[in-house]
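Trainee: give me a 3D structure for the following:
(4 chains)
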There are 4 protein chains.
Amino acid sequence: MKATAPANQPLAPGQLREVARYRVIYGDTDQMGFVYYGNYLRYFEIARNEFLRQAGAGYRAFEESHRLMLPVVEAHVRYRRPARYDDELAIFAAIPEVRGASARFIYEIRRVPDGEPLVDGHTVHACIDGEGRVARIPAELRRALAPSTSVE
Amino acid sequence: MKATAPANQPLAPGQLREVARYRVIYGDTDQMGFVYYGNYLRYFEIARNEFLRQAGAGYRAFEESHRLMLPVVEAHVRYRRPARYDDELAIFAAIPEVRGASARFIYEIRRVPDGEPLVDGHTVHACIDGEGRVARIPAELRRALAPSTSVE
Amino acid sequence: MKATAPANQPLAPGQLREVARYRVIYGDTDQMGFVYYGNYLRYFEIARNEFLRQAGAGYRAFEESHRLMLPVVEAHVRYRRPARYDDELAIFAAIPEVRGASARFIYEIRRVPDGEPLVDGHTVHACIDGEGRVARIPAELRRALAPSTSVE
Amino acid sequence: MKATAPANQPLAPGQLREVARYRVIYGDTDQMGFVYYGNYLRYFEIARNEFLRQAGAGYRAFEESHRLMLPVVEAHVRYRRPARYDDELAIFAAIPEVRGASARFIYEIRRVPDGEPLVDGHTVHACIDGEGRVARIPAELRRALAPSTSVE
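Mentor: All right, here's what the predicted structure looks like:
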């Protein structure tokens, strides 16, 4: 899995790192025998949650303390090879870009143990307040998300 | 479909009537080639929504006007024959019982056009207010749900 | 809804037309109060199924008669405004492009009755045979999908 | 969590043991702010998969080697307290009963770390062969599932 750095090396900003493992269940598959295409967006969400948790910025805490939300405004998925029932998946994520009021996540899903890349994609998130207005991403979250990303 | 009365005859309280049609998509199936067992609870919800709408008591309006919710406290499903991709399903529902602070729905799902019974079940719902406390079902809703059901 | 032609006028190839209606259920929403971002890919699938059925080329029949499948290789979704519980959605689809062994669908989801555009996107599908090899889309399906699309 | 025995003590047949952990995502919740009632059946499936894997009888291997399947014929869920976004759940399972051609799983879902019981239930599974006929559960699987359960 060349895309990831050893755990003890600092990652360049935007560099994918493994943030979660997931075991495919029957409920994820469809009759073609593969994971249903919409369910990869669930896996991307698992990755975001764990990415934020590992960055010391759990999304629940973020919502509660800042009264801000990060709804998705765009999602893109590229399906290269299918995941199947009982496959163990390694989910990678990175934040290559944090703007004033939006952030971009990128993802890669690989099969364990052979590291075969199955799916990749990205999501773009806006930062909005409780009234649905665009809001600036707090500096604290910005630092947690992408410590060395240059800020626009 | 013996369980249902002709459209122009009054239904006895608690008698199943067809409230919705649904076309099975790929996303509902699993690799066994059948609808995933958990998804029938989605179909039951479709039935509840349409049942309430047809009774003049849409659930959204109910939540908004009364600040009450009807969360499910029990669900039971009996899987008799599998539904498959692209099957058209007729979903039947009835409310055989409304108590002071709870109500029971029963369901039956049949395949169109042969009327083959596939799945049946029931759900029990508590009535709670915005603070999560048990609340009495308003008389107005009670009448809409089960006009001739004797009230406990 | 300017993107669609009146029902009695021929549509230019690739022009969006309404192919399905869908009523949002609780099971589609998340705690933000909106439809979960991955579920729009279910709505896109509903649109594909109905588009093919209306074109006289139901997907189930296509799979069974040709032993071919059209798995998705790319999906893109743009979230403009959220859909909410109990919203009725009008789902539009078109096939702007059919290549030798792939096809592209575009989608738009609008809220009924005000026609407010909520979500749009596209999917790209490869044509593969039962052994997973790329296969040419049969002329019969090609004609059904996009009668006047120039073929590459 | 009194329902479970220490890891180094033999469990009585049918005694619940923790088989999986799961972190609730946004995609599991609905606008009430709780996990959607149908999604607990996904958690039950996670439990079955892990239960069988830990018993040395992974379900994928079982399907492939025996050409048998264990479709669900009945499911029951009791919702005692809601699970919320980001909750970590401990999922317990047991097989209290293995009959000739069917087996029953029971489940309990508790919140981590306080051990609060949220949901419990059961599923009943028939054993069928590739043609959909009822088939006897192989002795090998029977032993793996419930080593000391008396066989009917």
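Trainee: how near is residue A:82 to chain D?
Mentor: Per C-beta to the nearest C-beta, to the nearest Å, residue A:82 is found 15 Å from chain D. From N, CA and C alone the C-beta is placed, and that goes for glycine too.
Trainee: for that residue, helix, strand, or coil?
Mentor: Taken by DSSP: H, G, I helix; E, B strand; the rest coil, the conformation at residue A:82 corresponds to coil.
Trainee: and it, how many neighbours does it have?
Mentor: 17 (other C-beta atoms under 10 Å in any protein chain shown).
Trainee: identify the residues contacting the closest residue to it other than its chain neighbours.
Mentor: Leaving out its chain neighbours, the residue that sits closest to residue A:82 by C-beta to C-beta, 6 or more residues apart in numbering or on different chains is residue A:34, at 3.5 Å. By C-beta atoms under 8 Å, 6 or more residues apart in numbering or on different chains, the contact set of residue A:34 is A:82-84, B:31, C:71.
Trainee: the residue lying closest to residue A:142 once chain neighbours are set aside bridge partners, please.
Mentor: In space, and not counting its chain neighbours, residue A:142 is closest to residue A:98: 5.4 Å by C-beta to C-beta, 6+ apart. Beta-bridge pairing for residue A:98 (DSSP bridges): residue A:103.
Trainee: wait, residue A:98 touches residue A:145, no?
Mentor: Yes. With contact defined as C-beta atoms under 8 Å, residue A:98 reaches residue A:145; the gap is 5.6 Å.
Trainee: contact partners for residue A:119?
Mentor: Contacts of residue A:119 (C-beta under 8 Å, 6+ apart): A:40, A:43, A:77-81, A:83, A:107-109.
Trainee: out of these, name the ones that lie in helices.
Mentor: A:40, A:43 (DSSP state H).
Trainee: kindly indicate which of the contacts of residue A:119 lies nearest residue C:53.
Mentor: Nearest to residue C:53 out of these is residue A:79 (C-beta to C-beta; 23.9 Å).
Trainee: how about the contacts made by that closest one?
Mentor: Residue A:79 neighbours (C-beta under 8 Å, 6+ apart): A:37, A:40, A:118-119, C:71-75.
Trainee: backbone phi and psi for residue A:128, please?
Mentor: For residue A:128, the backbone dihedrals are phi -130, psi 150 (criterion: degrees, to the nearest 10).
Trainee: what sits opposite it in the beta ladder?
Mentor: Bridge pairing for residue A:128 - DSSP bridges - gives residue A:69, residue A:134.
Trainee: the residue of chain A positioned farthest from its centre in helix, strand or coil?
Mentor: Of all residues in chain A, residue A:31 has its C-alpha farthest from the mean position, at 26.9 Å, by C-alpha atoms, centre = their mean. Residue A:31 falls in the coil class when you classify it by three-state DSSP.
Trainee: was I right about it contacting residue B:30?
Mentor: Yes. Look at residue A:31 against residue B:30 with C-beta under 8 Å: they come within range, at 7.0 Å.
Trainee: just the buried subset of the contacts of residue A:79, please.
Mentor: A:37, A:40, A:118-119, C:72-75 (16 or more other C-beta atoms under 10 Å in any protein chain shown).
Trainee: ok so, going back, so who does the residue farthest from the centre of chain A touch?
Mentor: B:26, B:29-34, B:84-85.
Trainee: can you put the residues you listed in JSON lines and add pLDDT?
Mentor: As requested, these are exported to JSON lines (pLDDT from 0 to 100):
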{"residue": "B:26", "pLDDT": "96"}
{"residue": "B:29", "pLDDT": "98"}
{"residue": "B:30", "pLDDT": "97"}
{"residue": "B:31", "pLDDT": "93"}
{"residue": "B:32", "pLDDT": "91"}
{"residue": "B:33", "pLDDT": "92"}
{"residue": "B:34", "pLDDT": "96"}
{"residue": "B:84", "pLDDT": "97"}
{"residue": "B:85", "pLDDT": "95"}
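Trainee: list just the nearest of those to residue A:65.
Mentor: Nearest to residue A:65 among the contacts of residue A:31, with distances taken as C-beta to C-beta, is residue B:30, at 39.4 Å.
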